[in-house]
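**Q** Sequence plus the predicted model coming up.
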Amino acid sequence: MQRIRRAEPDLVLCAVLAAALVACSFLLQGRIGFNLQDESFLWYGVVRTHAGELPLRDFRSYDPGRYLWCAAWASMFGDGLLAMRAAGAAFAALGMTCGLLASRRAVQDRWLLVPIGILLLLWMTPSWKLYEPSVAMIAVYAAVKWIESPSSARHVAAGVVVGSAAFFGRNLGLYVGCAFGSLLLYLAWIQRARDLLPRGGWLALGVVLGYSPMLAMIACAPDFASAFVDSILFYVQQDTLNATLPVPWPWRIDYSQGQLLLVVWGALFGLLFVLLPLVYSTALLIIVRARRGPPTRMALLIGACGVGAFWAHHVWDRADLAHLASSIHPLLLALLALPSALGLRRQRPVLIALILALLVTSFIVTGLGSPLGRRLRAGSDNAFIPAQIGSDTVLMSRAEKHSLDVLMGTLTEHVGPTDSLWVCSRHLGVYLLTGRRSPAWEIYPAWKASDALQQRLVDELEDVAWVLVDTRPLAGDESRQISRTHPLVWAMILRDFERVPLPSMPPSVHLARRRVR
């Protein structure tokens, strides 16, 4: 412990502060809202993993890391919605601890860690996507420690972060791998080192160690290796992995229309997209110009810029608030490092003003759409009321609760408790609310599928009695309608199933029973 304290004197302080902030956030808004689509995609996987199934092999999923993390928590606290959210919050506290430790390099006053922690917390949203920003902050901290002492052990530790990131998301592993590969070359160049190959070997060893859980699953779990390879080939064949959204540049906003608050929100939101390339390019120029100085002086700027420059792909792929929140933490840490890196004379007041400006901006941009913000803004006609979600009670707006009650009432009226049911992605949470298991591997048909993959789904639905499909395009992308991503499956549904009239449901919702053969 003494050795750890010498290496990181503020470790306990940062860990306690991160845990306290995340716990406060969870207590304030952990019970608010429920997402039938994306959050249920994670929750369904957690429930099935806790039941003994494997992600990728037994159901469509992200990479296994987050499911195994949540399943471990489920072994102690159950696999309910709130337990899954608590598991995500615990991982967020780990990531925020690393973010605070990294930011400590830029601040001399410990009390500034409190507003910095609040700043990082504001962007920890939505609740089912806390793993991406947490891994980003862990990667920045690992890069800082590596720059400060580029020993063999630090090379291995950096590699472990790369492999572990890939275990939680192969795209995350790719971002961190590219960043650390670039950092390896940069450190060798700045130090005029001739041992690049051994350094690369230590880094590669760490990657293998960090990715060893996945390697063990590939080697030992039956059929997992082929499922893993198929998942890689599937995404390689896609034109795009996300429903694209144009970048909301602030000069594209129509300032003559709309409420003042929404106009301010749009301008600040767009400004953050301007800051991404501006800050990283500025940081790169500073780093290149200071190549003759000790890199430890700018360790935070180098680490945050290196990780953030590659991580930014995540937000350019789909420019919405959720993806910005998953990508912005390296940018925030880079901004905190700029006053010191620029050698400003009055760094403390500049840093305080910068933190305040970022806090105000972040509060406006993230606060309106946060669960707590939506509840506070809700009027009496749309007040948040209790709703039973599995074994947990959450608060939902009156309109959301009514829509959910109508959906579940419709299913109860037509679909028997033992009838087999396949649910399309938009209403994926139905499986969890009714205690069902999907009869098919494909639980989220949002990407264009090959004929072979469609035929697999057709075969798996051969004995299914009911299907629930919403034909609205996911994320507003017309190419992500089931009729376009899975035309063979859609044709089979139209041919073999008979739609039940649902006057109380939107016309896009199709509840259909299999025709009598």
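**A** Happy to help now that I have it. Residues are numbered from 1 along each chain as shown.

**Q** any weak-confidence spans in the stretch 351-500 of the chain?
**A** For the stretch 351-500 of the chain, the stretches with pLDDT under 70 are 380-381.

**Q** ditto for the chain
**A** The chain contains residues with pLDDT under 70 at 1-2, 4-5, 243, 257-258, 291-294, 380-381, 517.

**Q** That one: strands as residue ranges?
**A** Ranges of strands in the chain, per DSSP state E, are 384-389, 392-397, 421-423, 466-470, 497-499, 509-514.

**Q** Rebuild the ones you listed as a markdown table, extending it with distance to A18 and mean neighbour count.
**A** C-beta here means a position set from N, CA and C on the backbone, and glycine is covered the same way. Below are the strands of the chain laid out as a markdown table (distance: least, Cβ to Cβ, whole Å; neighbours: other Cβ atoms under 10 Å):
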| stretch | distance to A18 | mean neighbour count |
| --- | --- | --- |
| strand 384-389 | 28 | 16 |
| strand 392-397 | 25 | 18 |
| strand 421-423 | 37 | 22 |
| strand 466-470 | 39 | 22 |
| strand 497-499 | 50 | 15 |
| strand 509-514 | 42 | 19 |
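
**Q** hey, what's V394 bridged with?
**A** Note on V394: beta-bridge partners by DSSP bridges are A387.

**Q** Enumerate every residue touching it.
**A** Listed by Cβ atoms under 8 Å, 6 or more residues apart in numbering, the contact partners of V394 are R31, I32, G33, F34, L81, L82, P386, A387.

**Q** In the residues you listed, which residue is surrounded by the most others?
**A** L81 (27 neighbours; other Cβ atoms under 10 Å).

**Q** mind listing what that residue touches?
**A** F34, W43, I389, G390, D392, V394, L432.

**Q** Generate a markdown table for the strands of the chain, with distance to D320 as supplementary columns.
**A** Putting these into a markdown table (distance: least, Cβ to Cβ, whole Å) gives the following:
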| stretch | distance to D320 |
| --- | --- |
| strand 384-389 | 24 |
| strand 392-397 | 21 |
| strand 421-423 | 24 |
| strand 466-470 | 20 |
| strand 497-499 | 32 |
| strand 509-514 | 24 |
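
**Q** To P55, which of those lies closest?
**A** Among these, the nearest to P55 by Cβ to Cβ is strand 421-423 (18.4 Å).

**Q** Just checking: what are the partner strands of the closest one?
**A** With DSSP bridges as the test, strand 421-423 pairs up with strand 466-470 (parallel).

**Q** ok, the contacts of V394 vs L276, which is closest?
**A** Ranked by distance to L276 (Cβ to Cβ), these are led by G33 at 28.1 Å.

**Q** Could I get the phi/psi values of that closest one?
**A** phi 80, psi 160 (degrees, to the nearest 10).

**Q** For N382, see how far away it is.
**A** Going from G33 to N382 by Cβ to Cβ, to the nearest Å gives 13 Å.

**Q** With A357 instead?
**A** Distance, A357 to N382, using Cβ to Cβ: 33 Å.

**Q** tally of neighbours for the spatially closest residue to G78 that is not a sequence neighbour?
**A** Leaving out its chain neighbours, the residue that sits closest to G78 by Cβ to Cβ, 6 or more residues apart in numbering is S391, at 6.9 Å. Other residues lying near S391 total 11 when counted by other Cβ under 10 Å.

**Q** about what we covered before: would you mind giving the contacts of L81 as TSV with distance to P349 added?
**A** Listed next are these as TSV, based on distance: Cβ to Cβ, whole Å:
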residue	distance to P349
F34	44
W43	46
I389	48
G390	50
D392	46
V394	43
L432	51
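
**Q** which one among the residues you listed gets closest to P473?
**A** Using Cβ to Cβ, the contacts of L81 come closest to P473 at F34, 22.1 Å.

**Q** next one: phi and psi at that closest one?
**A** For F34, the backbone dihedrals (degrees, to the nearest 10) come out as phi -160, psi 130.

**Q** Quick check, A227 in contact with P55.
**A** No - using Cβ atoms under 8 Å, A227 makes no contact with P55, being 9.1 Å away.

**Q** quick one, which of those two is more surrounded?
**A** For A227 and P55, the more surrounded residue by other Cβ under 10 Å is P55, and the numbers stand at 24 against 18.

**Q** Check the spacing between the more buried one and W422 real quick.
**A** Note on P55: its distance to W422, by Cβ to Cβ, is 19 Å.

**Q** Next, count neighbours for the nearest residue to S327 once chain neighbours are set aside.
**A** Sequence neighbours aside, V315 is the residue nearest to S327 in space, at 4.2 Å (criterion: Cβ to Cβ, 6+ apart). Per other Cβ under 10 Å, the neighbour tally for V315 reads 23.

**Q** and the gap between V315 and E132?
**A** Distance, V315 to E132, using Cβ to Cβ: 10 Å.

**Q** Give me the common contacts of those two.
**A** Listed as contacting both V315 and E132 by Cβ under 8 Å, 6+ apart are S326, S327.

**Q** tell me the phi and psi of R31?
**A** According to degrees, to the nearest 10, R31 has phi -100, psi 10.

**Q** Kindly provide the distance from the nearest residue to it once chain neighbours are set aside to R85.
**A** Leaving aside its chain neighbours, R31 sits nearest to V394 (4.9 Å; criterion: Cβ to Cβ, 6+ apart). Here the criterion is Cβ to Cβ. By it, V394 lies 10 Å from R85.

**Q** next one: H414
**A** As judged by Cβ to Cβ, H414 and R85 stand 31 Å apart.

**Q** contacting residues around the closest residue to L331 other than its chain neighbours?
**A** Spatial nearest neighbour of L331, chain neighbours left out: G308 (5.4 Å); criterion: Cβ to Cβ, 6+ apart. Contacts for G308 (Cβ under 8 Å, 6+ apart) come out as A136, V140, L276, Y280, S327, P330, L331, L333, A334.
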